[in-house]
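*Asks:* Sequence plus the predicted model coming up.
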2 protein chains.
Amino acid sequence: MSAVRGRGMFVTLRDVARLAGVSIGTASKALNRGGKLSDETRERVIACADKLGFRPNDLAQSLHRGQSFTVGAISNDSFGRFSMPIMEGLEECLADRSMSVFMCNATDDPEREARHVESLLGKRVDGIVVTGRRADLRRPLELHASGLPVVYVYSQTDDPAASCLLPDDRGGAVLACAHLAGLGRRRIAHVTGPERFEAVRLRRAGFRAALASAGLVADDKLTLSGDWSEAWGRAALEQLFKPRRRAPDAIFCGNDQIARGVIDGLRERGITVPADVAVVGFDNWQIIAEACRPPLTTIDMNLKQLGREAGRRLIELIAGKKHAGVHRLPCSLVVRASCGALPHGGNS
Amino acid sequence: MSAVRGRGMFVTLRDVARLAGVSIGTASKALNRGGKLSDETRERVIACADKLGFRPNDLAQSLHRGQSFTVGAISNDSFGRFSMPIMEGLEECLADRSMSVFMCNATDDPEREARHVESLLGKRVDGIVVTGRRADLRRPLELHASGLPVVYVYSQTDDPAASCLLPDDRGGAVLACAHLAGLGRRRIAHVTGPERFEAVRLRRAGFRAALASAGLVADDKLTLSGDWSEAWGRAALEQLFKPRRRAPDAIFCGNDQIARGVIDGLRERGITVPADVAVVGFDNWQIIAEACRPPLTTIDMNLKQLGREAGRRLIELIAGKKHAGVHRLPCSLVVRASCGALPHGGNS
DNA sequence: GTGAAAGCGCTAACAA
DNA sequence: TTGTTAGCGCTTTCAC
């Protein structure tokens, strides 16, 4: 009765069996819809279980089965802007298989991450998903040769045997720039984040490729690296709109914050978006993209989808199917007003 | 050996005991630093455990103890801006007691929430934390009379027996407005969110109280309700700065997004912040507050602290100590540049 | 169709 | 000081 110990507060299978006047084994069979049993007994047991509010103890089940139907998810961005949609997708996918996820926040602290891994190992999770972008490749999880399946999503490790899932940054950039070129923009600039991010390099590669396919040249003076901030977006304009230089008619930004800075800066210079200059962002960070004036056309990395796919892959690994290597999932273009194309359909 | 089943992949206590040449009970004692045992045996067992990479099975431990050392955390804002810091604090507090937290995202869907509760109940969590602000009081969790301890944080229920933890919205508003009044502002406006939020009503009450203590009158024409957006912040200026009306010299905003809209709008009208008008926000949403020009002075709800306190309270409840009712924790003022006061110290 | 019993991995009470 | 054993709540095999 005491609240101190969970023990005794919960109805056990034994209680149900006793009330129904059957053996504990029979009660189990009845509730698991298995084995041979008279309908009458089965129903009686089920009725008793309902009456008592019986709920099987997952701990005991897991102990018996040697499988916990639980996976761990380790995030390194404090479940921020990027991890959260991934987690949502992951949870959704796993919930369908009635698995649950233990979320842990490591905030890029290796020691904290290690502690979480230990704890997950102790909980006998069936697998682990690691998320959280870093500029560089991360070291693989230290699993003490437990052979536990791991999927890295929005995160990449140098272990070639690992399974990594990433958005197709290059493809996303191509999408953005092809959109601009298709709208007739000929002089497209690229204002992006720090060089050390692989995403920056990939997006720039996409930018160049798209320009090339459109028969345009990527002027190196129009490709600027800075940090991921609005302030940088505004600052970059000074170099882009120098007095005696041909100004760009479109700017593809490395993320939405930069794009917002760019749009604000353009407005303050009396340059009209999208009439004079079209702007595309990257991330589809709703709170930012929709606050832009005009609302920002941008690239969505489909992170939720990425999370769902990570779940699917983890399930496969748990089931014994091996696969390794880096996989990239397509991004998509979300059209708002900053390029002048009319939004088709329901992007709010 | 197969990866399909966890069973067999992990080292058990039996394996350790066998290798060390002791009984399984002895091995347990050795590893739990308990009971009477020769140092020699203890060390030998520990050495063997290390060698084999033994890690006790928490499932088995929990089953035995009737306590899982795990709590559930249910968020209703998809672990967004508000839940995440709370979760961080909670996790931190519980990790100190080597408890872990099962995070679930219910996204304000009662059915989904119910499923999560069922699942947590099945996992025999020792308690549950519910988070996620709503405009109105939420119904209490349906726990089937399990007597499981629950703490509502940044969330409030109508059950008077429940333990609820909230930021002191009213006090936060007082802090903000006293700051403005202390800086010599005499005509302070309030641009805030939808009436239906209790937080809006409380913050307005604080606004009025602070003005009254400063000997100022809260002009009803200067108190405007809208939505939580930047657009509303800009729009509100039209009413605040009507041609033949005395303009405010300070604006206390209901959240940081509104404040950002206000600051942008003021700049576009040629009104200087903070020289002409001082602005204070609410939330200390860093990405927004720091992107303002000038950076936004705002109220921090100390959500991480709130989460930590929720953890503490949950622990108490689990230990059998009863407490109920609504508790509010103080907010604090984060000084940046939007009020003209010099930032003292390290708010980046 | 139903009951008895072993066992998942661990802890703790009791024997030796 | 160490070993033996019962049992946490459940599933499953094997008798009856």
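*Replies:* That came through fine.

*Asks:* Check whether the residue in the stretch 151-300 of chain A that DNA strand C sits nearest to sits in a helix, strand or coil.
*Replies:* When distances are taken as CB to the nearest atom of the strand, the stretch 151-300 of chain A reaches nearest to DNA strand C at residue A:151, 24.7 Å away. Heads up, the C-betas are built off the backbone N, CA and C, glycines and all. Three states are possible here, and by DSSP: H, G, I helix; E, B strand; the rest coil the one that applies to residue A:151 is strand.

*Asks:* who does it bridge with?
*Replies:* On the basis of DSSP bridges, residue A:151 is bridged to residue A:129, residue A:163.

*Asks:* That one against residue A:318, yeah?
*Replies:* No. Taking CB atoms under 8 Å as the contact criterion, residue A:151 and residue A:318 are not neighbours in contact, 10.1 Å apart.

*Asks:* who has more neighbours, the two?
*Replies:* When neighbours are counted by other CB atoms under 10 Å in any protein chain shown, residue A:151 and residue A:318 differ, and residue A:151 comes out ahead with 28 against 22.

*Asks:* What pLDDT is listed against the more buried one?
*Replies:* We have a pLDDT of 97 for residue A:151.

*Asks:* Residue A:233 too?
*Replies:* What the model reports for residue A:233 is a pLDDT of 98.

*Asks:* what stretches of chain A score poorly on pLDDT?
*Replies:* A:1-8, A:35, A:79, A:341-348 (pLDDT under 70).

*Asks:* Tell me the residues of it that contact DNA strand C?
*Replies:* In this structure, chain A approaches DNA strand C at residues A:21-26, A:29, A:35-38, A:40-42, A:60, A:63-64, A:66, judged by CB under 7 Å from any atom of the strand.

*Asks:* Tell me the residues on the stretch 151-300 of chain A that lie near chain B, please.
*Replies:* Remark: the part of the stretch 151-300 of chain A in contact with chain B comprises A:229, A:230, A:231, A:257, A:260, A:264, A:287, A:291, using CB under 8 Å from any CB of the partner chain.

*Asks:* Mind checking which of those residues are in strands?
*Replies:* Restricting these to those inside strands, with DSSP state E as the criterion, leaves an empty set.

*Asks:* Separate out the buried members of the residues you listed.
*Replies:* For those, burial is judged from neighbour counts taken by 16 or more other CB atoms under 10 Å in any protein chain shown, and it is met by A:229, A:230, A:231, A:257, A:260, A:264, A:287, A:291.

*Asks:* Please look at residue A:91 and residue A:101 and confirm they touch.
*Replies:* Yes. Residue A:91 is in contact with residue A:101 according to CB under 8 Å; the separation is 5.5 Å.

*Asks:* Give the helix, strand or coil label for residue A:308.
*Replies:* When the rule is three-state DSSP, residue A:308 gets the label helix.

*Asks:* Which helix or strand contains the closest residue to it other than its chain neighbours?
*Replies:* If you skip the residues right next to it in sequence, residue A:308 has residue A:89 as its closest partner in space, 3.9 Å away by CB to CB, 6 or more residues apart in numbering or on different chains. Per DSSP states H and E: residue A:89 is located in helix A:83-96.

*Asks:* Show me what from the stretch 151-300 of chain A comes close to DNA strand D.
*Replies:* So far as CB under 7 Å from any atom of the strand goes, the stretch 151-300 of chain A does not lie against DNA strand D anywhere.

*Asks:* Tell me where the stretch 151-300 of chain A has strands.
*Replies:* When assigned using DSSP state E, counting those that start in this stretch, the strands of the stretch 151-300 of chain A occupy the ranges A:163-167, A:188-192, A:223-225, A:250-253, A:278-282, A:297-300.

*Asks:* Can you add mean neighbour count and give those strands back as JSON lines?
*Replies:* JSON lines is the format used below for the strands of the stretch 151-300 of chain A (neighbours: other CB atoms under 10 Å in any protein chain shown):
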{"stretch": "strand A:163-167", "mean neighbour count": "23"}
{"stretch": "strand A:188-192", "mean neighbour count": "27"}
{"stretch": "strand A:223-225", "mean neighbour count": "18"}
{"stretch": "strand A:250-253", "mean neighbour count": "31"}
{"stretch": "strand A:278-282", "mean neighbour count": "28"}
{"stretch": "strand A:297-300", "mean neighbour count": "28"}
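
*Asks:* could you dump these to TSV with distance to residue A:128?
*Replies:* Written out in TSV, the entries for the strands of the stretch 151-300 of chain A read as follows (distance: least, CB to CB, whole Å):
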stretch	distance to residue A:128
strand A:163-167	11
strand A:188-192	32
strand A:223-225	34
strand A:250-253	34
strand A:278-282	28
strand A:297-300	26
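
*Asks:* what's the closest of these to residue B:17?
*Replies:* Ranking those by proximity to residue B:17 (CB to CB) places strand A:163-167 first, at 35.9 Å.

*Asks:* neighbouring contacts of the closest one?
*Replies:* Residues outside strand A:163-167 that contact it (CB atoms under 8 Å, 6 or more residues apart in numbering or on different chains) are A:150-157, A:301-303, A:306, A:309-310, A:313, A:317, A:323-331.

*Asks:* now those: which count as buried?
*Replies:* Listed as buried from the contacts of strand A:163-167 are A:150-157, A:301-303, A:306, A:309-310, A:313, A:317, A:327-329, A:331; burial here means 16+ other CB under 10 Å.

*Asks:* on that earlier part again, give me the common contacts of residue A:151 and residue A:318.
*Replies:* residue A:127.

*Asks:* check contacts around the residue in the stretch 151-300 of chain A that DNA strand D sits nearest to.
*Replies:* With CB to the nearest atom of the strand as the measure, the residue in the stretch 151-300 of chain A that lies nearest DNA strand D is residue A:151; the distance is 27.0 Å. With CB under 8 Å, 6+ apart as the criterion, the residues that contact residue A:151 are A:127, A:128, A:129, A:130, A:163, A:164, A:165, A:310, A:313, A:314, A:317.

*Asks:* cool, and residue A:155?
*Replies:* Residues A:76, A:130, A:131, A:132, A:133, A:134, A:138, A:164, A:166 are the ones in contact with residue A:155 under the rule CB under 8 Å, 6+ apart.

*Asks:* Report the buried residues of stretch A:271-280.
*Replies:* Buried-residue list, stretch A:271-280, by 16+ other CB under 10 Å: A:273, A:274, A:277, A:278, A:279, A:280.

*Asks:* actually stretch A:27-46, not the one I typed
*Replies:* A:27, A:28, A:29, A:30, A:31, A:41, A:42, A:44, A:45, A:46.

*Asks:* what two of these are the furthest from one another?
*Replies:* Among these, A:28 and A:44 lie farthest apart (CB to CB), at 14.2 Å.

*Asks:* quick one, phi/psi of the residue nearest to residue A:161 when sequence neighbours are not counted?
*Replies:* On the basis of CB to CB, 6+ apart, the spatially nearest residue to residue A:161 that is not a chain neighbour turns out to be residue A:324, at 4.9 Å. Dihedral angles of residue A:324 (phi, psi; degrees, to the nearest 10) stand at phi -140, psi 170.

*Asks:* what residues are up against residue A:324?
*Replies:* Listed by CB under 8 Å, 6+ apart, the contact partners of residue A:324 are A:160, A:161, A:162, A:163.

*Asks:* run the last query once more with 10 Å
*Replies:* Residue A:324 makes contact with A:159, A:160, A:161, A:162, A:163, A:164, A:317 under the criterion CB atoms under 10 Å, 6 or more residues apart in numbering or on different chains.

*Asks:* Would you mind pulling the contact partners of stretch A:108-117?
*Replies:* By CB under 10 Å, 6+ apart, the surrounding residues in contact with stretch A:108-117 are A:72-78, A:102-107, A:125, A:128, A:130, A:132, A:134, A:138-139, A:141-144, A:146, A:148, A:150, B:91, B:95, B:98, B:100.

*Asks:* Weed out the non-buried ones from these.
*Replies:* The neighbour count (16+ other CB under 10 Å) marks A:72-78, A:102-106, A:125, A:128, A:130, A:132, A:138, A:141, A:146, A:148, A:150, B:91, B:95, B:100 as buried among these.
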